[in-house]
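The sequence and its predicted three-dimensional model are supplied below.
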Amino acid sequence: FTKVGMLLMATSKRPPANYFSSFSRGKPSLVSKACLSTAAAGGMKPLNQYSTISSSDQDPTRRSGNYGPTMWDFEYLQSMHNNYVGEKYIRQFNKLKKEMKEKMMIMINEGSEELDKLELIDNLQRLGVSYHFNDEIMQILRSIHLNASSGDSLYATALKFRLLRQHGFHISQDKFKDFKDEQGNFKQSLCKDVKGLLQLYEASFLSTETERTLESANSFTTSHLKNYLNNQNGDGNDLTVALVHHALELPLYWMMLRVETSWYLNIYERMPNANPLLLELAKLDFNIVQATHQEDLKNISRWWKSTCLAEKLPFSRDRIVEAFVWTVGTIFEPQYSYCRRMLTKINAVAVVIDDIYDVYGSLDELELFTDAVERMELKAIDYVPDYMKVCYLVLFNTVTDIAYEVLKEQGINVIPYLQKSWADYCKASFQEAKWHFNGYNPTLKEYMDIAWISIGAPMYLVHAFIFVTNPITKEELESLSKYPDIIRHCSIIIRLADDLGTSSDEMNRGDVPKSIQCYMNENDASEQEAREHINLLIKESWKLINTGLHENSLFSETLIGCAVNVTRTAQCIYQHGDGHGIQNSEIKSRISELLFEPTKISIP
């Protein structure tokens, strides 16, 4: 796939199989020639060949992002108090956890109904407590996988398919052939089985790029579930209506885990067959985990205040809470506090740098900053404009602090790999800035070759690898620095989700065209048609991720989980607009429920 003309396709058509592999399949650096700064293109200049730019040397026209102040200031964050850190809650939780493990072992040993086991696993996952029962869950699923059954309902078949595939078991789409007619279409008689349709809909999102049965299942179920909602007149008090509406907004497989837990706790409590033990366990776990997250946030807000970045660079977004939410979405389990805190630092610095490139910096200033980041040398601070110095120093100190901890604990130098990830991020951002200043409208392919890197996800995941991997090997670092497929496909989705949520506001402030505008310009399409096409690209990228998950990987399940989970987080953050920069009511409510509002529970 080399011809840009092949991008000019109707939104109703599926992109060709190699459409996504065209994005940045080039040099190992995965930054195209167009992305290289003048300094980098012929090798970096000696520092003494650069002149410094002070705030008094130039007075370029500065744009504004018009970002409002943070909704959660330092004093609020430091005043948070959570009762669920007390010993009595931990003791009660351990008691409930032990009881649940005993009940699961009884199910395993006494041969409970297969569907009961599957529904328990599904509820454990949606309620956010499955990480406490990984061994028991895998034992149950291995047994189910080995003892194939037939004649199950659509509901049971689809639930089993989804859970087995999600946990890495091989299971064929042919499991659904009994629900098709002689023409190979799903039977129309299924349209009244709303419970079965909903499970088939959720299962269809685990399809790979060649599974046409699951693709057909997705179209079939989406159509009939929408018809169901229309016929119910939006009765939000009906549990089935609520479940269907929630799924059609964002499928379970694409949903940020903690957002799903927060929502499903309220749904599960209303179910007539809810397990009281599981409900109490899940509520208590949610509050205990939330207390851990609050301690993380207190810690990171103190660091953020100490950097003075919000004070020194008032044009940038003061969004430390939102930066932390991304890390909660990436890896929420309590034992990963260090990872969340460090990734939040990375996020916060990246947001400031993004605003420097997108909003404030002149082209000359940005070239100097890009070169300084490529060098990652302390003396380079003397060659960037005054307002950039504090940001550069915070970045330099953060990277070297991380590298020091890794060297001390594991004896390996990760600075070259961290440095490259930041350099790639800045070079991609610089290329977008050049497009803006030159008034250039890129093609969709040109844009995506740069934008999947400028979104910051490859850099973020390189750091995530450092924080969750012990021991770290040189082989892994070398492979990671080339951004393997899992990172590339996840980054594409994050970029496209960001564009869907933010492009309208960014275009209003004069930013470079995003994927939506690129498609509109190339195809003379309406914004609605462009959005449909971008949503199609997201769906196809998920299929590529699913395909890759079936292949052997050099990297740990934990890192792969981080990559998939940050992708889910992006789709939640940008679900109702710019959930990071513009603090609308939906994102405020969602963050408050995640971080600041314990679920109601009574313990004697």
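Cool, got the structure.

my read: Leu544 touches Asp485, true?
Yes - counting by C-beta atoms under 8 Å, Leu544 touches Asp485, with 7.2 Å between them. In short, each C-beta sits where N, CA and C put it, glycine included.

Could you check which of these two is surrounded by more residues?
Leu544 (22 against 16; other C-beta atoms under 10 Å).

Quickly find the element holding the nearest residue to the more buried one once chain neighbours are set aside.
Spatial nearest neighbour of Leu544, chain neighbours left out: His489 (4.8 Å); criterion: C-beta to C-beta, 6 or more residues apart in numbering. Following DSSP states H and E, one finds His489 within helix 485-508.

Report all helices and strands that that helix contacts.
In terms of contacts (3 or more C-beta pairs under 8 Å, 6 or more residues apart in numbering; DSSP states H and E), helix 485-508 is packed against helix 444-454, helix 457-468, helix 515-523, helix 527-549, helix 557-573.

export these to JSON lines and tack on mean pLDDT and distance to Cys308?
Putting the helices and strands packed on helix 485-508 into JSON lines (pLDDT from 0 to 100; distance: least, C-beta to C-beta, whole Å) gives the following:
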{"stretch": "helix 444-454", "mean pLDDT": "98", "distance to Cys308": "26"}
{"stretch": "helix 457-468", "mean pLDDT": "99", "distance to Cys308": "22"}
{"stretch": "helix 515-523", "mean pLDDT": "96", "distance to Cys308": "35"}
{"stretch": "helix 527-549", "mean pLDDT": "97", "distance to Cys308": "38"}
{"stretch": "helix 557-573", "mean pLDDT": "97", "distance to Cys308": "26"}
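
quick one, which of these is nearest to Leu378?
helix 457-468 (20.2 Å; C-beta to C-beta).

which regions of the stretch 151-300 of the chain lie under the pLDDT threshold?
233-236 (pLDDT under 70).

how does the chain divide into domains?
With domains defined by the TED database, the chain comprises 100-281, 441-584.

Which of the ones you listed has the highest mean neighbour count?
domain 441-584 (a mean of 20; mean count of other C-beta atoms under 10 Å).

Packing partners of the helix or strand containing Ala203?
Element membership of Ala203 [criterion: DSSP H and E] is helix 194-204. Packing contacts for helix 194-204, counted by 3+ C-beta pairs under 8 Å, 6+ apart, involve helix 154-166, helix 212-232, helix 239-249.

again, 6 Å this time
helix 154-166, helix 212-232 (3 or more C-beta pairs under 6 Å, 6 or more residues apart in numbering; DSSP states H and E).

Turn those into TSV, including distance to Val194.
Compiled in TSV, these are given as follows (distance: least, C-beta to C-beta, whole Å):
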stretch	distance to Val194
helix 154-166	10
helix 212-232	6
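
and of those, who's closest to Arg568?
Comparing the helices and strands packed on helix 194-204 under C-beta to C-beta, the one sitting nearest is helix 154-166, at 12.8 Å.

Report the distance from the closest one to the chain centre.
Centroid separation between helix 154-166 and its chain, computed with C-alpha atoms, centre = their mean, to the nearest Å, is 24 Å.

chain center to the helix holding Ala203, what's the gap?
So, by C-alpha atoms, centre = their mean, the centroid of helix 194-204 is 24 Å from its chain's centroid.

circling back: nearest to Val321, out of the domains of the chain?
Nearest of the domains of the chain (C-beta to C-beta): domain 441-584, 9.4 Å.

Endpoint to endpoint, that closest one covers what distance?
30 Å (C-alpha to C-alpha, to the nearest Å).

so how far is it from its chain's centroid?
8 Å.

Also stretch 425-442?
Counting by C-alpha atoms, centre = their mean, stretch 425-442 comes out at 24 Å from the chain centroid.

buried sites along it?
425-436, 442 (16 or more other C-beta atoms under 10 Å).

What is the nearest of those to Met105?
Using C-beta to C-beta, those come closest to Met105 at Tyr425, 48.1 Å.

Leaving out chain neighbours, which residue sits closest to the closest one?
Met459 (4.5 Å).

Ok, Phe176 next?
With C-beta to C-beta, 6+ apart, the residue lying closest to Phe176 is Thr213, at 5.8 Å.

picking that back up, adding distance to Val399 as columns, could you present the domains of the chain in TSV?
Output for the domains of the chain, formatted as TSV (distance: least, C-beta to C-beta, whole Å):
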stretch	distance to Val399
domain 100-281	28
domain 441-584	9
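
Which of those sits closest to Phe315?
Going by C-beta to C-beta, the one of these nearest Phe315 is domain 441-584, 11.4 Å.

Ends of stretch 173-191, what's the gap?
19 Å.

Contacts for it next, please.
Leu154, Thr157, Phe161, Glu211, Thr213, Leu214, Phe220, His224 (C-beta atoms under 6 Å, 6 or more residues apart in numbering).

and of those, the nearest to Leu297?
Taking the contacts of stretch 173-191 together and measuring to Leu297 by C-beta to C-beta, the closest member is Phe161, at 38.2 Å.

what's the closest non-adjacent residue to that closest one?
Nearest non-adjacent residue to Phe161 (C-beta to C-beta, 6+ apart): Ala203, at 4.9 Å.

Longest helix in the protein, please.
helix 276-307 (DSSP state H).

what's next to stretch 250-269, contact-wise?
126, 128, 202, 205, 274, 328-329, 332, 568-569, 571-572, 593-594, 599.

likewise stretch 288-300?
77-78, 80, 82, 84-85, 324, 328, 334, 337, 340-341, 344, 595.

Then stretch 207-222?
Here stretch 207-222 has contacts from Gln173, Phe176, Phe186, Leu197, Leu200, Tyr201, Ser204, Lys543, Leu544, Asn546, Thr547, using C-beta under 6 Å, 6+ apart.
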